[in-house]
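Trainee: need a structure here:
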Amino acid sequence: MASYEGLSAQEIEEKKNKQIRKIWLVAGYLAVITAIEFAIAFTSIPKGVKNITFIVLTIVKAFFIVAEFMHLRHEVKMLMYAVVLPMAFVLWLILALLIEADAIFNVLFGG
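Mentor: Numbers count the residues shown, from 1 in each chain. Below you'll find the predicted structure:
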């Protein structure tokens, strides 16, 4: 919650307007990224490239959501690391499982 102690009415209004502009800016970024994802979904790009692009864009959107709307951007560094590092390990786990599943599929079905 924002602290407005000791500020004049004009300073409070300016601070609120700045916060509202920032929220709309982040919402605009999210809308543009979603529009890019939507456009890519209907192109003839190879499936593997599409999947990687969607994963990267989804991570970028997640960063904006967590940083701005969950206020993580304004927290101390150790709290950020406590959130980001486990996420990195989970992403690594997902990638490792996908690679292993593809290898098992190729062995079993000769794909």
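
Trainee: From now on I want contacts and neighbour counts done on CA atoms only, so please keep to that.
Mentor: Will do.

Trainee: Got the domain ranges for the protein?
Mentor: When the chain is parsed with automatic domain parsing, its domains come out as 8-70, 75-111.

Trainee: most neighbours per residue, which of those domains?
Mentor: Among the domains of the chain, domain 8-70 has the highest mean neighbour count (mean count of other CA atoms under 10 Å), at a mean of 13.

Trainee: now the domains of the chain as CSV including mean pLDDT?
Mentor: CSV is the format used below for those (pLDDT from 0 to 100):
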stretch, mean pLDDT
domain 8-70, 88
domain 75-111, 87
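
Trainee: All the helices of the protein, residue numbers only.
Mentor: 9-41, 47-64, 77-109 (DSSP state H).

Trainee: Measure how the last one sits relative to helix 47-64, angle-wise.
Mentor: Compare the direction of helix 77-109 with that of helix 47-64 by axes from the mean of the first three to the mean of the last three CA atoms, to 10 degrees and you get 160 degrees.

Trainee: Tell me how far the residue most central in space within the chain lies from residue 26.
Mentor: Among the residues of the chain, the one closest to the centroid is residue 62, at 1.8 Å (CA atoms, centre = their mean). Using CA to CA, to the nearest Å, residue 62 is found at 11 Å from residue 26.

Trainee: Check residue 44 too.
Mentor: Taking CA to CA, one finds residue 44 at 29 Å from residue 26.

Trainee: repeat for residue 57
Mentor: Counting by CA to CA - residue 57 and residue 26 are separated by 14 Å.

Trainee: Chain neighbours aside, what residue packs nearest to residue 73?
Mentor: The shortest distance from residue 73 to any non-neighbouring residue, by CA to CA, 6 or more residues apart in numbering, is to residue 67 (4.5 Å).
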